[in-house]
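K.L.:
Model the structure of this input:
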Amino acid sequence: MATANNRSKTTKNTSNPEAISSHMRTPIDWHKSSETVPYPDLSKVKNFWIKVSLKKNRTYLYDGQKLIYTMYSSGGMYTKNPQTGKTESMTPIGTYYAQAERGNSFFNQSLGEGANYYVSWLNHGTYLFHSVPTKAGGTYNVKEADKLGKSTGSHGCIRLSIPDAQWMSSHLPVGTKIKIVN
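P.N.:
Numbering: from 1, shown residues only. The predicted model follows:
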């Protein structure tokens, strides 16, 4: 009986690599990397791409079909689309590509928040991967940061832990495919 259960778990993990990652840091700590293992060395990755799951609050890094790293993330809040009447994420769904715009910090005056370590993936600075949000003075907004990996909260960007965002800003090659799914 124990053997059948173990085999079942193995099959589940192989057929859905996103189901469980034994290296995920628990509890979630937005000050630390999402996994307890080193970030992937992209010089050894042949077919690098990213999948963001808005409902699971996860960002998955892939080499072809092989999952190589998982990041806790938080995407756009869900709002009612006035044209369709459907509830949709403020984060656009679809396939996009990493852009050249990136930097150490920004502040959006109209939203009253900013972030650190950003890289653009749509509309050249409109939609970004970035750290959990900062307030006007540059301190982290703890209430919003604590949503990381648990719920949505952004205005459309993908929020990451501080080290995950820093790694992404420093290492994400321009042109990397990014698939955003609900």
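
K.L.:
Residue 39 belongs to a helix?
P.N.:
No: secondary structure of residue 39 (DSSP: H, G, I helix; E, B strand; the rest coil): coil, not part of a helix.

K.L.:
switch to numbering from 612
P.N.:
Right, with 612 as the first residue, what we last looked at is residue 650.

K.L.:
what about it, neighbour count?
P.N.:
Look at residue 650: counted by other CB atoms under 10 Å, it has 19 neighbours. C-beta coordinates here come from the backbone N, C-alpha and C atoms, glycine included.

K.L.:
For the residue lying closest to it once chain neighbours are set aside, give its distance to residue 690.
P.N.:
Distances taken as CB to CB, 6 or more residues apart in numbering put residue 778 closest to residue 650, at 5.0 Å, once the chain neighbours are dropped. Noted for residue 778: a distance of 30 Å to residue 690, by CB to CB, to the nearest Å.

K.L.:
any weak-confidence spans in the chain?
P.N.:
Judged by pLDDT under 70, the chain has its weakly predicted residues at 612-628, 630-632.

K.L.:
Spell out the residue ranges of the strands in it.
P.N.:
Assigned strands in the chain, in chain order: 659-664, 669-674, 677-685, 689-691, 698-700, 705-708, 713-719, 724-733, 738-742, 769-771, 788-792 (criterion: DSSP state E).

K.L.:
With neighbour numbers in mind, choose between residue 778 and residue 690.
P.N.:
For residue 778 versus residue 690, neighbours defined as other CB under 10 Å are more numerous around residue 778 (22 against 11).

K.L.:
My guess is that one contacts residue 649. True?
P.N.:
No: applying CB atoms under 8 Å as the test, residue 778 and residue 649 come out as separate, 9.9 Å apart.

K.L.:
where do the contact lists of these two overlap?
P.N.:
The overlap between the contact sets of residue 778 and residue 649 (CB atoms under 8 Å, 6 or more residues apart in numbering) is empty.

K.L.:
what residues does stretch 769-779 touch?
P.N.:
Stretch 769-779 is contacted from outside by 639-645, 650, 663, 670, 682-686, 702, 726-730, 732, 738-744, 751, 755, 758-759, 764, 791, using CB under 8 Å, 6+ apart.

K.L.:
Filter those down to the buried ones and express that as a ChimeraX selection.
P.N.:
Burial among the contacts of stretch 769-779 is assessed by 16 or more other CB atoms under 10 Å; the matching ChimeraX selection reads:
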select :639,640,641,644,645,650,663,670,682,683,684,685,686,702,726,727,728,729,730,732,738,739,740,741,742,743,744,751,755,758,759,764,791
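
K.L.:
which ones are touching residue 635?
P.N.:
Contacts of residue 635 by CB under 8 Å, 6+ apart are 645, 646, 647, 681, 683.

K.L.:
Compute the distance between the second one and residue 697, please.
P.N.:
If I follow you right, that is residue 646. 34 Å.
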